[in-house]
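> Pasting the sequence and the predicted coordinates here, then a few questions.
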Amino acid sequence: MTNTFTAPLKPRSEDSFAITFAPLSLEEVYAKADAPANGAVVVMSGMVRNNTDGEAVVALEYQAYEPMAMRVFYQIAADIRSLWPDVNRVVIHHRIGRLQVGEISVLVAVGCPHRSEAFEACRYGIDTLKHNAPIWKKEHWQNGSSTWVSIGACEQSGQNC
């Protein structure tokens, strides 16, 4: 039996990844994804909505296992570049902490020469993040109760989380 060591992925300098308590900036993420060779920048903005399955939500609280989540972000960017080699920039920023309804929780942006690849790569980025990243959210309900939900578990169960 042979043990193989896999070196950790290193992000490209033109990409940007963050997990932060600070509010996310759509303008900042767009600027980080932009490049002179781009014909398109596609940004997906995930926001805190006021309900889940018809139940009133007043806030969400996000927590992440940051070292592993960042490795997942790096792997997503590597996968995107493998599937869509023309991609110029990949940006993934996720917020943690308590967020109110209407606040941005995640931004994924892809800059690419062509819009179809940019759309596909961006969708791949958010879908893979929600499935693979160790990020959890706690839904705070209007009635005062709360429930922790793994984002990946939402995707696997088919729920709209």
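Cool, the structure landed.
> Going by C-alpha atoms from here, please, whenever you check contacts or count neighbours.
OK.
> what helix or strand does the residue nearest to Ser146 when sequence neighbours are not counted sit in?
Closest residue to Ser146 apart from its sequence neighbours, by Cα to Cα, 6 or more residues apart in numbering: His140 at 4.4 Å. If you go by DSSP states H and E, His140 is part of strand 135-141.
> chain center to the helix or strand following that strand, what's the gap?
Following strand 135-141 in sequence order, the next helix or strand is strand 146-150 (DSSP H and E). Put simply, strand 146-150 sits 18 Å off its chain's centre (Cα atoms, centre = their mean, to the nearest Å).
> and strand 146-150 with strand 135-141, angle?
160 degrees (axes from the mean of the first three to the mean of the last three Cα atoms, to 10 degrees).
> What are the contacting residues of strand 146-150?
Pro134, Ile135, Trp136, Lys137, Lys138, Glu139, His140 (Cα atoms under 8 Å, 6 or more residues apart in numbering).
> give me that answer again for 6 Å
For strand 146-150, the external contacting residues (Cα atoms under 6 Å, 6 or more residues apart in numbering) are Trp136, Lys137, Lys138, Glu139, His140.
> what's the neighbour count on the third one?
In this case it means Lys138. 18 (other Cα atoms under 10 Å).
> Just checking: what are the partner strands of the strand holding His140?
Strand pairing for strand 135-141, using DSSP bridges, gives strand 55-64 (antiparallel), strand 146-150 (antiparallel).
> For these, give me CSV that also has distance to His93.
Output for the strands paired with strand 135-141, formatted as CSV (distance: least, Cα to Cα, whole Å):
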stretch, distance to His93
strand 55-64, 12
strand 146-150, 18
